[in-house]
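Q: The sequence isn't on hand, but the structure is:
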């Protein structure tokens, strides 16, 4: 298999797993909003199950997104990376997303233990962060300023 074909497969798999990861990372905080705003114990019980399953379901997508993304960087080489300032910004934003994702585990634990002190409004703002980061990351990846 040629290097070009390997790169194309890495790019396709990177995009597939990124879309799957973002589908979950968009929905999970919405579940947190519903959880924070609900006062029904049965609803809380159901949301705890949904939140846990979703977070553990999308975490491998995050890992695979990173693996194939870094695989493409490896194929391009370190000289390319040094000269691609836009990629440095993109990688910093991806790091923010990874921290965001990992912070969701803390929130999951707090919801599980009924120790959430933040409002539904806070979770609504929290829900918007990955959307904004995705817009910036896509613009960087496509325009390569």
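A: The structure has been received and is ready for your questions. The shown structure was predicted, so the numbers you read here are calculated from the model rather than taken from an experiment. Numbers count the residues shown, from 1 in each chain.

Q: Give me the below-cutoff pLDDT ranges for the protein.
A: Residues of the chain that meet the criterion pLDDT under 70 lie in 1.

Q: Going along the chain, name the helices of it.
A: Taking DSSP state H, the helices of the chain run over residues 3-37, 41-76, 78-83, 85-112, 120-143.

Q: Next, the angle helix 85-112 makes with the second one.
A: Think helix 41-76. Taking axes from the mean of the first three to the mean of the last three C-alpha atoms, to 10 degrees, one finds helix 41-76 and helix 85-112 inclined to each other by 160 degrees.

Q: Check which residues of helix 41-76 are buried.
A: Within helix 41-76, the residues scored as buried using 16 or more other C-beta atoms under 10 Å are 44, 47-48, 51, 54-55, 58-59, 61-62, 64-66, 68-69, 71. C-beta coordinates here come from the backbone N, C-alpha and C atoms, glycine included.

Q: Spit out the contact partners of residue 51.
A: Residues near residue 51 by C-beta atoms under 8 Å, 6 or more residues apart in numbering: 28, 31, 32, 35, 108, 111.

Q: Including distance to residue 135, could those go into JSON lines?
A: Converted to JSON lines, the contacts of residue 51 look like this (distance: C-beta to C-beta, whole Å):
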{"residue": "28", "distance to residue 135": "19"}
{"residue": "31", "distance to residue 135": "22"}
{"residue": "32", "distance to residue 135": "21"}
{"residue": "35", "distance to residue 135": "26"}
{"residue": "108", "distance to residue 135": "26"}
{"residue": "111", "distance to residue 135": "28"}
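
Q: List buried residues within the residues you listed.
A: Buried members of the contacts of residue 51, counted by 16+ other C-beta under 10 Å: 28, 31, 32, 35, 108, 111.
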